[in-house]
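> Sequence plus predicted model, see below.
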Amino acid sequence: MKRPAVVARRRKNMVVTKETENIERYCTVEESLIQSFKEVKLMEAGLLPKKSWAQFEKEMRELAERVKNGEE
């Protein structure tokens, strides 16, 4: 896979590329964190199934493939 061209701007733990610099988030970082905390609480309460790392990785690979194919 070809690596994206890196723009001169670099931030801590983040590299901005030409392909990603104009992509808007579907929600703010704050909203994302709040949703994640809610999901963790549901998992701890047993209302949402916990995922193993292997399950998570499989889902992310499937999502990446769908995005690559233009399905999402």
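Received the coordinates, thanks. Numbering: from 1, shown residues only.
> pLDDT wise, what is Leu33 at?
Here the pLDDT value assigned to Leu33 is 94.
> Next, the contact list for it, please.
Contacts here follow CB atoms under 8 Å, 6 or more residues apart in numbering; on that basis Leu33 touches nothing. C-beta: built from backbone N, CA, C; applies to glycine.
> Now do the same for it: helix, strand or coil?
helix (DSSP: H, G, I helix; E, B strand; the rest coil).
> the strands in the protein, which residues?
With DSSP state E, the ranges of strands along the chain come out as 6-11, 14-17.
> which one of those strands has the lowest average pLDDT?
strand 6-11 (a mean of 47).
> And for Pro42, the neighbour number?
No, residue 42 isn't Pro; it's Leu. Counted with other CB atoms under 10 Å, residues neighbouring Leu42 total 13.
> no wait, Leu48
For Leu48, the neighbour count with other CB under 10 Å is 13.
> Check it and give its pLDDT.
Here, the pLDDT recorded for Leu48 equals 90.
> That one contacts Ser36, doesn't it?
No: contact between Leu48 and Ser36 fails when scored by CB atoms under 8 Å: they sit 11.7 Å apart.
> what pLDDT does Glu39 get?
Per-residue pLDDT puts Glu39 at 92.
> Distance check, it against Gly70.
Distance from Glu39 to Gly70, counting by CB to CB, to the nearest Å: 28 Å.
> before we move on, what about Leu42?
From Leu42 across to Gly70, the span is 32 Å (CB to CB).
> what does Trp53 give?
Following CB to CB, the distance that separates Trp53 from Gly70 is 28 Å.
> all helices for this protein, in order.
29-44, 53-68 (DSSP state H).
> Show residues contacting stretch 37-55.
Contacting residues not belonging to stretch 37-55 are listed as Glu59 [CB under 8 Å, 6+ apart].
> Please export the C-alpha coordinates of it as PDB.
Taking Å, rounded to 0.1, in the frame of the first residue of the first chain, the C-alpha atoms of stretch 37-55 are listed here in PDB:
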ATOM      1  CA  PHE A  37     -17.600   6.400  28.600                       C
ATOM      2  CA  LYS A  38     -21.300   5.500  28.300                       C
ATOM      3  CA  GLU A  39     -20.400   2.300  26.400                       C
ATOM      4  CA  VAL A  40     -17.800   1.400  29.100                       C
ATOM      5  CA  LYS A  41     -20.400   1.800  31.800                       C
ATOM      6  CA  LEU A  42     -22.900  -0.400  29.900                       C
ATOM      7  CA  MET A  43     -20.200  -3.000  29.500                       C
ATOM      8  CA  GLU A  44     -19.400  -2.900  33.200                       C
ATOM      9  CA  ALA A  45     -23.200  -3.300  33.900                       C
ATOM     10  CA  GLY A  46     -23.400  -6.300  31.600                       C
ATOM     11  CA  LEU A  47     -25.800  -4.600  29.200                       C
ATOM     12  CA  LEU A  48     -23.300  -4.400  26.300                       C
ATOM     13  CA  PRO A  49     -21.100  -7.300  25.400                       C
ATOM     14  CA  LYS A  50     -17.300  -6.800  25.900                       C
ATOM     15  CA  LYS A  51     -15.200  -7.300  22.800                       C
ATOM     16  CA  SER A  52     -11.800  -9.000  22.700                       C
ATOM     17  CA  TRP A  53      -8.900  -7.400  20.900                       C
ATOM     18  CA  ALA A  54      -9.300  -9.900  18.100                       C
ATOM     19  CA  GLN A  55     -13.000  -9.100  17.700                       C
END
